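Q: When you get a sec, could you give me coordinates for this:
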Amino acid sequence: MTSEQLPPYIEYGALATAPGPLLCERARLYCFFLKADHARVQELCDRVLSEPAGGAVRYRVSRVAPVVLSLGTIGGLRSLHPGHAGRGSAFEPEAAIWVPVIAQRLVDGEYVDRRLAIFMPYIWVDDPIAFAAGREVYGFAKTQGWIGELGDPRLSAGAGALPDPPAELALDVYGTTEYHEGAELGRTRLITIRRAEARRSIDPIAPGASGDTLSGLVDHFHAGLRPEAADAASAPPAAPALERDEPDEPDEPVRRSIRSRIEGLRATTASVTGFLTEQTIHHVFLKQFRDAAHGDRAVLQQVVEARSSVVPGTLAWRRLRGSYEIGIESLVTQPLSAELGIELQSTVRHAFVAEFGFAMDPGEVVWSST
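A: Next up, the predicted model:
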């Protein structure tokens, strides 16, 4: 559907949302690599992204690339849309779960890779416009959360070493431990992160574990982050072998299948190259709204993808030394363990802090229910 076919968005009442594209002056994220259950993560991606679209698109989870938990702040976030530019910016504390996936499309009955993407099934913010606009405009799964004071990254930009996280990082959410008639939702703790006591048996991280490019970050954490190490389910399928009694020239359906697979390989390679060299990331969301008359049905569902890119010259990252103890409370309203298989208690030794500015393009609807 073209923009001319869409009705105009009616601005009225209090400011609640802002459209893309978006620009962030500078963000600071503390990121921790978590172990998750591959099968559960894949089931969630299938249920949220593939099944609503009837299998027209699919998102495959790598067995190698880890799930990432981030907590941080986004400073100077503003809309660049002509109707909203010049209205000011917002400061947004944010926590999120990042899941690397391979986006695929159905071609002639076979799934062909399109690009590397990020699915974010959980995002917590305490800014009301970020909350509403994230869900309404793109489809970010944003809900209410509080992570405490982490400082404004714009105030220390270019000042030298990136700061360590505070002694305790915490995320409070709006939720409850269980559902029952007398249950009341309210602010409660979900995640607590504390620096573990140093042990002499653990070798310190070598000096110089820092950089200013995504490719350097991936190289340092290659065992967990290298996109080309994706599992066979994510990799482009091999072309089918031809039987010996078949003619040398494959028939047209086989040629189409081979061409589609080659195109998929090229698309994924280009996406990985863009991630590493151009520092661009594609995100995927399920944008949906409940029907007013039938609350268990959706009046609209869309699978949306959007590209974000690091502002050139702004990225700096540093590996965090030592290890961190991460505790997750069992809340029925935020079922991290049930949906992702994340352990409620874990020790994480792979973590880093990053600061950067970023731009986010308007979204692209890759499937819609209407």
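Q: buried ones in stretch 56-65?
A: Judged by neighbour count using 16 or more other CB atoms under 10 Å, the buried positions of stretch 56-65 are 57-62, 64-65. Any C-beta I mention is one placed from the backbone N, CA and C, and that applies to glycine too.
Q: Stretch 74-84: which residues count as buried?
A: With burial defined by 16+ other CB under 10 Å, the residues of stretch 74-84 counted as buried are 74-80, 84.
Q: In JSON lines: the buried residues of stretch 56-65, plus secondary structure.
A: JSON lines is the format used below for the buried residues of stretch 56-65 (DSSP: H, G, I helix; E, B strand; the rest coil):
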{"residue": "Val57", "secondary structure": "strand"}
{"residue": "Arg58", "secondary structure": "strand"}
{"residue": "Tyr59", "secondary structure": "strand"}
{"residue": "Arg60", "secondary structure": "strand"}
{"residue": "Val61", "secondary structure": "strand"}
{"residue": "Ser62", "secondary structure": "coil"}
{"residue": "Val64", "secondary structure": "coil"}
{"residue": "Ala65", "secondary structure": "coil"}
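Q: Taking these together, which two end up most distant?
A: When those are compared pair by pair using CB to CB, the two farthest from each other are Val57 and Val64, 22.2 Å apart.
Q: Now do stretch 322-340: distance from first to last residue.
A: One end of stretch 322-340 sits 25 Å from the other (CA to CA, to the nearest Å).
Q: typed the wrong thing, it's stretch 151-170
A: 14 Å.
Q: same thing with stretch 73-85?
A: The straight-line separation of the ends of stretch 73-85 (CA to CA) is 22 Å.
Q: any idea of the mean pLDDT in it?
A: Computed over stretch 73-85, the mean pLDDT rounds to 95.
Q: which one of the buried residues of stretch 74-84 is nearest Ala18?
A: Taking CB to CB as the measure, Ala18 lies nearest Ser79 of these, at 4.0 Å.
Q: Identify the residues contacting that closest one.
A: 18-22, 85, 87 (CB atoms under 8 Å, 6 or more residues apart in numbering).
Q: before we move on, what about Gln302?
A: Contacts for Gln302 (CB under 8 Å, 6+ apart) come out as 139, 286-288, 365, 367-369.
Q: List the residues that contact Gly88.
A: Residues counted as contacts of Gly88 (CB under 8 Å, 6+ apart) are Arg78.
Q: I misspoke; the intended subject was Pro163.
A: With the criterion set at CB under 8 Å, 6+ apart, Pro163 makes contact with 28, 151, 156, 353.
Q: in which helix or strand would I find it?
A: Secondary structure assigned from DSSP states H and E places Pro163 in neither a helix nor a strand.
Q: For it, give its distance to Tyr30.
A: As for Pro163, its distance to Tyr30 is 9 Å (criterion: CB to CB, to the nearest Å).
Q: Am I right that Leu71 is in contact with Trp146?
A: No - look at Leu71 against Trp146 with CB atoms under 8 Å: they stay out of range, at 10.9 Å.
Q: Overlap of the contact sets of these two?
A: Joint contacts of Leu71 and Trp146 (CB under 8 Å, 6+ apart) are Leu171.
Q: So between those two, which is more surrounded?
A: Under the criterion of other CB atoms under 10 Å, the comparison of Leu71 against Trp146 puts Leu71 first, with 24 against 17.
Q: Run through the bridge partners of that one.
A: According to DSSP bridges, Tyr30, Ala95 are recorded as the beta-bridge partners of Leu71.
Q: Let the chain start at 280 from now.
A: Happy to do that; since the first residue is 280 now, the last one works out to Leu350.
Q: show me the contacts for it.
A: The contact partners of Leu350, taken as CB under 8 Å, 6+ apart, are 308-309, 373-374, 426, 429, 444, 448, 450, 470, 472.
Q: just those residues now: which is nearest Ala318?
A: Nearest to Ala318, judged by CB to CB, of the contacts of Leu350 is Ile470 at 23.0 Å.
Q: what's the nearest residue to that closest one if we skip its chain neighbours?
A: With CB to CB, 6 or more residues apart in numbering as the criterion, Ile470 has its nearest non-adjacent residue at 4.1 Å, and that residue is Leu450.
Q: Mind telling me what element that neighbour is part of?
A: Following DSSP H and E, one finds Leu450 within strand 447-454.
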